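Peer 1: Okay, predicted coordinates and the sequence, questions at the end:
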Amino acid sequence: MIRLILTVSSFIYAVLQRYAPTNIVLGRIRRRRGLKWGVPAMLLAAPYIVLAYWCSSGVGDGAPGWLNLVILLCLWNALKYVVIGPISVALLIRARHDEAVARREQARHEHHGELVGT
């Protein structure tokens, strides 16, 4: 039974990572070229928060209860966009540091090669 649950949940996870729009955007932001878009992507949380507020007002006024699932989904997506900003800044700093170290190492090896070759 546990194996079945694990298999189904990993399949659902893979499908969501491939086809869910927020996961696609977040996956592209986590790449090296997309790290600079993490902070501006935090602005994408605003429409989700507005939609969650709108749906919660509707539920309060007598709309169907299944809108609570939409509210939960909107708040979860907003949270993902808010969190990716600081994470992308940290990853960008680390990537730039690693690139600077690699450039220094390459320059040191090139300089050392010139000294040995003369």
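Peer 2: Right, received. Where do you want to start?
Peer 1: going forward, measure contacts between C-alpha atoms and count neighbours the same way
Peer 2: Will do.
Peer 1: quick one: Y81 and L44 touch, right?
Peer 2: Yes. In this structure, Y81 is within contact of L44 by CA atoms under 8 Å, at 6.6 Å.
Peer 1: These two - which one has more neighbours?
Peer 2: Neighbours were counted for Y81 and for L44 using other CA atoms under 10 Å; Y81 has more, 25 against 16.
Peer 1: What ranges does the chain have for its helices?
Peer 2: 2-19, 21-29, 38-41, 45-60, 67-117 (DSSP state H).
Peer 1: Next, the angle from the helix or strand bottoming out on mean pLDDT in the chain to helix 45-60.
Peer 2: Within the chain, confidence by mean pLDDT, DSSP states H and E is lowest for helix 67-117 among all helices and strands, at a mean of 91. Computed by axes from the mean of the first three to the mean of the last three CA atoms, to 10 degrees, the angle separating helix 67-117 from helix 45-60 equals 170 degrees.
Peer 1: I'd like to know which elements helix 67-117 is packed against.
Peer 2: Counting contacts by 3 or more CA pairs under 8 Å, 6 or more residues apart in numbering; DSSP states H and E, helix 67-117 packs against helix 21-29, helix 38-41, helix 45-60.
Peer 1: what comes into contact with the last one?
Peer 2: Meaning helix 45-60. Applying CA atoms under 8 Å, 6 or more residues apart in numbering, the external contacts of helix 45-60 come out as 65, 67-68, 70-72, 74-75, 77-79, 81-82.
Peer 1: The same query, at a cut-off of 6 Å, please.
Peer 2: With contacts defined as CA atoms under 6 Å, 6 or more residues apart in numbering, helix 45-60 is touched by I71, C74, A78, Y81.
Peer 1: middle-most residue in the chain, spatially?
Peer 2: Among the residues of the chain, the one closest to the centroid is L26, at 3.2 Å (CA atoms, centre = their mean).
Peer 1: pLDDT at it, what is it?
Peer 2: With respect to pLDDT, L26 scores 95.
Peer 1: go on, the one 5 residues further on?
Peer 2: Taken from the predicted model, the pLDDT recorded for R31 is 94.
Peer 1: What separation do you get for it and L75?
Peer 2: Applying CA to CA, to the nearest Å, the value for R31 to L75 is 24 Å.
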